[in-house]
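Undergrad: sequence first, predicted coordinates after that:
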Amino acid sequence: MSLWGNKDFIYSDGSIAISGTTLTGTGTTFNTASLINEGDVVTVGSGATYGEAVVSSVDSATQITLKSTGTLTGDVPSGTVYFLSQKPVYTLGDSNYQEEEIFGVDTTEQTVVNGKTGDARKYAPAHSGWVGITSYTDMHGNFRVKTEVLVATGTITGDADDDKQLPDS
């Protein structure tokens, strides 16, 4: 298991529930084609509602054992949305960024956002890779965006749902 991978998005079919360290899926095929591996990160719910956890093993098409419950705030009810990625495990619980503020930025997204103007250009990271992006309004009422390259790499694949900040074209 590495500290991070290169997949911004791996899988999100069906829905899940979590009790302790057991993640149970409905409408899932977790063990198909070895897509999900130890160390992958599951982001649960929307925003910071539930949090993130780290995969220990894929036990069947409908069950995953979690190595760490990371930032989960307790058990997760049935029918919850989720997605899996290979974001850096060390970012779980990082006080600088919420779960939805760490992005896998591929070279196309970086090029496209660097070509934008106005507020859209503010999301441009210095390099492709795993990037923390946070936006805020400063004390003068100006919109600001802070980007920080956490892991520089040109091999990010699997586009997550982040086209508002990082469009592909």
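TA: Okay, I see it. Residues are numbered from 1 along each chain as shown.

Undergrad: kindly report the domain assignment for this structure.
TA: Domain segmentation of the chain under automatic domain parsing yields 15-91, 99-152.

Undergrad: quick one: the helices in this protein?
TA: Assigned by DSSP state H, the helices in the chain fall at 107-114, 118-121.

Undergrad: identify whichever of the domains of the chain lies nearest to residue 165.
TA: With C-beta to C-beta as the criterion, residue 165 lies closest to domain 99-152 of the domains of the chain, at 4.7 Å. Bear in mind the C-beta positions are built from the backbone N, C-alpha and C, glycine included.

Undergrad: of the domains of the chain, which shows the lowest average pLDDT?
TA: Here the domains of the chain differ in mean pLDDT, and the lowest is domain 15-91 at a mean of 89.

Undergrad: in contact with residue 36, which residues?
TA: Counting by C-beta atoms under 8 Å, 6 or more residues apart in numbering, residue 36 touches 10-11, 30, 55, 58, 64, 84.

Undergrad: which of the residues you listed fall in strands?
TA: 55, 58, 64, 84 (DSSP state E).

Undergrad: neighbours around residue 57, how many?
TA: Residue 57: 12 surrounding residues under other C-beta atoms under 10 Å.

Undergrad: sorry, that was for residue 52
TA: Counted with other C-beta under 10 Å, residues neighbouring residue 52 total 24.

Undergrad: mind listing the residues bridging to it?
TA: Taking DSSP bridges, one finds residue 43 as the beta-bridge partners of residue 52.
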